[in-house]
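Asks: Give me coordinates for this.
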Amino acid sequence: MYFLILMAFALVLSENMPPAQLNLFGGLPLTGGACLFGTLALVIAQFPVVWAVALVARRRVFAHLDGTANGHDAAADTHSTAQVVLLFLLAGFLALNMLFTPWPALVRVGWGLGHVPLVGDLLLLVPFFTALLIKWVVFYPVEVRLHESAPQGAHEADDGSGAPSPEPTVDHHSPVETSLRSYLGDKFRHQVLLLAVPMSIIVFAKRIIYDYGPSLVDYLKLPPDAGIRAMILNTALGTVSVSVLILAPLMLRYLWATEPLPAGPLRDRFVATCRRIGLRYREILLWRTHGMAVNAAVMGVVAPLRYILVSDALLDSMDEEEIEAVFGHEAGHVRHWHLPYFGLFAIVSMYVAGGVMHILFFADRDIDRGILQLSSLLALLAMWLFGFSWISRRFERQADLYGVRCITPDMKDCPPSCPVHGDWCSHTDRTGLCIGAANLFGRTLAKIADLNGIPRDASSWRHGSIEDRCKQIEAFSHDTPALKRFDQRLLQIKLGLIALTVIGSVIAVWLYYPYVATVFGWR
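Replies: Alright, predicted model coming up:
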């Protein structure tokens, strides 16, 4: 879903849409009846289609829910598949509206909203968000039923004894709130606002900068060269974008339903763990999800704006060791600098998209600007769809390993063959994974999947499947050389991102230096 939200705002940020060659109503007057009603018909047609597909999928999910664990697993599989199908359907309609109909031009030019900051831009996405709302409403009873009918085994220790897990040591239990209003509110907060608020600020900034920036350039009596103006405006927009992304955790702390985690044994354990691993933060927050999300997160690149979040359902369904394992995974993202490296990937992807635009422009200087921007956008989306996914999955595995290492000091009962705690050989290589900690972390991952109604073998764009992650952790706990090779590969990936960023920056400086030199009087 996050990729789809990014795709939607990337299309909003693109001007000159739709390209003339793709416009299904090309040649017709923009505000004429045929163009207007034809466009609105295609835009509105997606609503009954999304509703019908979601309704069919919902009935198939309910057909599997027979009160058995196997039935629940089959329902979860069907639900997961339906979500993928509907995401592709939403993406298809979004592309149809923005790339093949004059919907963007109709809103911005025909209705005169193009120069109203943010209003016209967000109106472009109303059909997309309406279709998304329809999907949520249809699947509301499905997701509540899946959550309530999770197999009881998911709440038991998976150690072969069948003994229940210890009761949570915190008393912040939140009952599952199943009202449609709270469900839709949580969906909107967690799936839309997470990206929509920062991106809306960037869209607003772009409109202000590009509408009023040229006048400011004239006022400052800067050179009138078009390349210089473009460089100045893009630099201003880039500065705003970076600032917004840095401040995003502070925004989300208030956009989401959060509050400081009350004092108690669990908070004390978090504080002690953060001190031990050197993780600095601003606050540890209890994340209210009405009992519908078993999850945790660490937000923020810089320590003064870094928040640790643990959901109410996570506290209610897991013991302290399992919660610490989940926290260790999130801490691993911080300790391994994953967010800054994702920032480098974003820079590289923009260099690639800009490179595609430059190559096409120099190959054909008369190329349609819409096609030029679309080609650049497609290159950018391809980088994120495939490149980001590939890197993210490996970073997730590295965070898993950090989570195992984070809970290792608390392990007391390990087999003699444990590479960390075993004493079978005096020269044991203690750089490996603790077998006891690896088993606990794997059980925790599986338990989270069950409690969230996610099939263990279901893959995802960013994380891969729970099953594959558990297998890899188990394999590394018995094969220290393979673990070292994995760590070396991750180091190579990070060095590669640094190298690509440096190369791209050198090329950018080479291309834009004449403009910079002119502005600052260096030539």
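Asks: domain ranges for the chain?
Replies: The chain is divided into the following domains under automatic domain parsing: 1-22+29-152, 187-317, 334-523.
Asks: do you know which of the ones you listed lies nearest Glu324?
Replies: Each of the domains of the chain has some distance to Glu324 by Cβ to Cβ; the shortest is domain 334-523, at 5.5 Å. The C-beta positions use only the backbone N, C-alpha and C, and glycine is treated the same way.
Asks: same question for the closest one, mean pLDDT?
Replies: The average pLDDT for domain 334-523 rounds to 83.
Asks: now that domain: how far from the chain's centre is it?
Replies: For domain 334-523, the gap between its own C-alpha mean and the chain's C-alpha mean amounts to 13 Å (Cα atoms, centre = their mean, to the nearest Å).
Asks: Check stretch 191-204 too.
Replies: Counting by Cα atoms, centre = their mean, stretch 191-204 is centred 13 Å from the centre of its parent chain.
Asks: Any buried residues in it, and which?
Replies: Taking 16 or more other Cβ atoms under 10 Å as the neighbour-count basis, stretch 191-204 is seen to contain the buried residues 191-196, 198-204.
Asks: Flag the shaky bits of the stretch 51-200 of the chain, pLDDT-wise.
Replies: Across the stretch 51-200 of the chain, the stretches falling below the confidence threshold (pLDDT under 70) are 150-177.
Asks: In the strand or helix carrying Met231, which residues are buried?
Replies: Counting by DSSP states H and E, the element that carries Met231 is helix 226-255. Across helix 226-255, burial judged by 16+ other Cβ under 10 Å covers 228-229, 231-234, 236-237, 240-241, 244-245, 248-249, 251-253, 255.
Asks: before we move on, what about stretch 377-386?
Replies: With burial defined by 16+ other Cβ under 10 Å, the residues of stretch 377-386 counted as buried are Leu377, Ala379, Leu380, Leu381, Met383, Trp384.
Asks: got those residues as TSV, with distance to Phe3 columns?
Replies: Conversion of the buried residues of stretch 377-386 to TSV gives the following (distance: Cβ to Cβ, whole Å):
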residue	distance to Phe3
Leu377	14
Ala379	15
Leu380	12
Leu381	8
Met383	12
Trp384	7
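Asks: Of the buried residues of stretch 191-204, which pair is most distant in space?
Replies: The distance between the two most remote of the buried residues of stretch 191-204 (Cβ to Cβ) is 21.2 Å, for Gln191 and Phe204.
Asks: quick one on the thing from earlier: can you tell me which of the domains of the chain comes nearest to Ser179?
Replies: domain 187-317 (8.4 Å).
Asks: quick check: angle from the lengthiest helix in the chain to helix 226-255?
Replies: If you go by DSSP state H, the chain has its longest helix at helix 480-519. Using axes from the mean of the first three to the mean of the last three Cα atoms, to 10 degrees, the interaxial angle of helix 480-519 with respect to helix 226-255 works out to 130 degrees.
Asks: Summarise which helices and strands helix 480-519 is packed against.
Replies: In terms of contact count using 3 or more Cβ pairs under 8 Å, 6 or more residues apart in numbering; DSSP states H and E, helix 480-519 is assigned the packing partners helix 226-255, helix 338-363, helix 389-407, helix 466-477.
Asks: OK, contacts around Thr39?
Replies: Phe25, Thr101, Pro102, Trp103, Leu106 (Cβ atoms under 8 Å, 6 or more residues apart in numbering).
Asks: What distance do you get for Pro198 to Pro249?
Replies: Plainly put, Pro198 is 10 Å away from Pro249 if you go by Cβ to Cβ, to the nearest Å.
Asks: again with Lys206
Replies: Between Lys206 and Pro249 the computed distance is 22 Å (Cβ to Cβ).
Asks: Pro416 too?
Replies: 44 Å.
Asks: Over to Leu380?
Replies: For Leu380, the distance to Pro249 under the criterion Cβ to Cβ works out to 24 Å.
Asks: and what of Leu113?
Replies: Taking Cβ to Cβ as the criterion, Leu113 is separated from Pro249 by 32 Å.
Asks: Do you have the strands of this protein handy? List them.
Replies: With DSSP state E as the definition, the chain shows strands at residue ranges 258-260, 283-287, 296-299, 307-311.
Asks: Count the residues that sit near Arg275.
Replies: Residues near Arg275, counting by other Cβ atoms under 10 Å, number 10.
Asks: what's the pLDDT at it?
Replies: For Arg275, the model assigns a pLDDT of 89.
Asks: cool, and Ala45?
Replies: At Ala45, the pLDDT value in this model is 93.
Asks: Can you lay out the helices and strands packed on helix 480-519 as JSON lines showing distance to Asp211?
Replies: Listed next are the helices and strands packed on helix 480-519 as JSON lines, based on distance: least, Cβ to Cβ, whole Å:
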{"stretch": "helix 226-255", "distance to Asp211": "10"}
{"stretch": "helix 338-363", "distance to Asp211": "22"}
{"stretch": "helix 389-407", "distance to Asp211": "36"}
{"stretch": "helix 466-477", "distance to Asp211": "47"}
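Asks: out of those, which comes closest to Gly213?
Replies: helix 226-255 (4.8 Å).
Asks: now the closest one: mean pLDDT?
Replies: Across helix 226-255, pLDDT averages out at 81.
Asks: tell me what that helix is packed against?
Replies: The helices and strands touching helix 226-255, judged by 3+ Cβ pairs under 8 Å, 6+ apart, are helix 194-219, strand 296-299, helix 480-519.
Asks: With respect to burial, which of these scores highest?
Replies: Highest mean neighbour count among the helices and strands packed on helix 226-255 (mean count of other Cβ atoms under 10 Å): strand 296-299, with a mean of 21.
Asks: Let's test this: mean pLDDT of that strand, rounded?
Replies: When pLDDT is averaged along strand 296-299, the result is 86.
Asks: Can you list the neighbours in contact with that strand?
Replies: Taking contacts as Cβ under 8 Å, 6+ apart, the residues outside strand 296-299 that touch it are 248-249, 252-253, 281, 287, 306-311, 314, 323, 326-327, 329-331, 333-334.
Asks: One more pass at 6 Å, please.
Replies: By Cβ atoms under 6 Å, 6 or more residues apart in numbering, the surrounding residues in contact with strand 296-299 are Pro249, Tyr307, Ile308, Leu309, Val310, Leu314, Val326, Phe327, Glu330, Val334.
Asks: right, and the first one touches Gly300 too?
Replies: Yes: distance between Pro249 and Gly300: 4.0 Å, which falls inside the contact criterion (Cβ atoms under 6 Å).
Asks: Between the two, which contacts overlap?
Replies: Residues touching both Pro249 and Gly300 comprise Tyr307, with contact defined as Cβ under 6 Å, 6+ apart.
Asks: can I assume Gly442 is in contact with Gln472?
Replies: No: in terms of Cβ under 6 Å, Gly442 does not count as a neighbour of Gln472; the distance is 9.6 Å.
Asks: Of the two, which one has the most company?
Replies: Between Gly442 and Gln472, counted using other Cβ under 10 Å, Gly442 has the larger neighbour count: 22 against 18.
Asks: Please report how far that one lies from Pro304.
Replies: Shown here: Gly442 relative to Pro304, a distance of 35 Å by Cβ to Cβ.
Asks: What of Val109?
Replies: Look at Val109 and Pro304: by Cβ to Cβ, they are 44 Å apart.
Asks: got it, and Gly354?
Replies: Using Cβ to Cβ, Gly354 is found at 32 Å from Pro304.
Asks: Thank you kindly, that will do.
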